[in-house]
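S.K.: kindly return the folded structure for what I paste below:
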Amino acid sequence: MFYSTGLMLFAEPPEQNAPKPGDTNVVNIMDYHVDNTGKTLETTNINQAISDVSARPGGGVLFFPPGVYLTGTVFMKSNVKLCVDAGAVIRGPVGMRITPRCPRSWRKVAQGFFHL
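M.R.: Take a look at the predicted model:
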């Protein structure tokens with residue numbers, strides 16, 4: 001078995017024609033007035049942006065330009081692709097106690113697997 005206390009990310013090599021702001025179906029996270037200095041916890045804004053992109057017909061791409069984005073638990077949704085530009089870092093909080101809140105619709109399913 002594999003046990004890890006950290007986050008594992010698997011990424012693809014850089015795309016030849018990567019999405020960028022202004023492209024069709026690309027939403028810039030900066031449109032949500034997030035702090036990209038890494039000083040402000042932006043979990044709510046990032047999750048709202050993901051929800052908004054998912055709700056669009058066909059979904060789309062949520063673009064993170066260069067900067068540091070501090071966030072707690074991110075809930076990905078269908079039809080959303082994250083594009084993290086070169087120089088952009090999505091960072092979890094260090095030394096902050098954050099308890100992820102499971103959406104109500106997931107709680108019934110989760111109760112079968114976890115003690116909530």
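S.K.: every contact and neighbour count from this point should use C-alpha atoms.
M.R.: Will do.
S.K.: can you give me the buried ones in the helix ranked longest in the chain?
M.R.: Using DSSP state H, we find that the single longest helix of the chain is helix 43-55. Neighbour counts over helix 43-55 (16 or more other C-alpha atoms under 10 Å) mark 43, 45-54 as buried.
S.K.: dump the residues you listed into CSV; add pLDDT and distance to His33 as well.
M.R.: Listed next are the buried residues of helix 43-55 as CSV, based on pLDDT from 0 to 100; distance: C-alpha to C-alpha, whole Å:
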residue, pLDDT, distance to His33
Thr43, 94, 12
Asn45, 97, 8
Ile46, 97, 10
Asn47, 96, 13
Gln48, 97, 12
Ala49, 97, 11
Ile50, 97, 14
Ser51, 97, 16
Asp52, 97, 14
Val53, 97, 16
Ser54, 96, 19
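S.K.: identify, from those residues, the entry nearest to Asp31.
M.R.: Using C-alpha to C-alpha, Ala49 is the member of the buried residues of helix 43-55 that lies nearest Asp31, at 8.9 Å.
S.K.: spit out the contact partners of the closest one.
M.R.: Taking C-alpha atoms under 8 Å, 6 or more residues apart in numbering, we find Ala49 in contact with 29, 32, 62.
S.K.: hmm, try it at 7 Å
M.R.: Residues counted as contacts of Ala49 (C-alpha atoms under 7 Å, 6 or more residues apart in numbering) are Ile29.
S.K.: swap in Val89?
M.R.: Taking C-alpha under 7 Å, 6+ apart as the test, what Val89 contacts is 67-69.
S.K.: from Pro93, how far off is the residue nearest the centre of the chain?
M.R.: By C-alpha atoms, centre = their mean, the mean C-alpha position of the chain lies nearest to Val74, the distance being 4.8 Å. Separation of Val74 from Pro93 (C-alpha to C-alpha, to the nearest Å): 12 Å.
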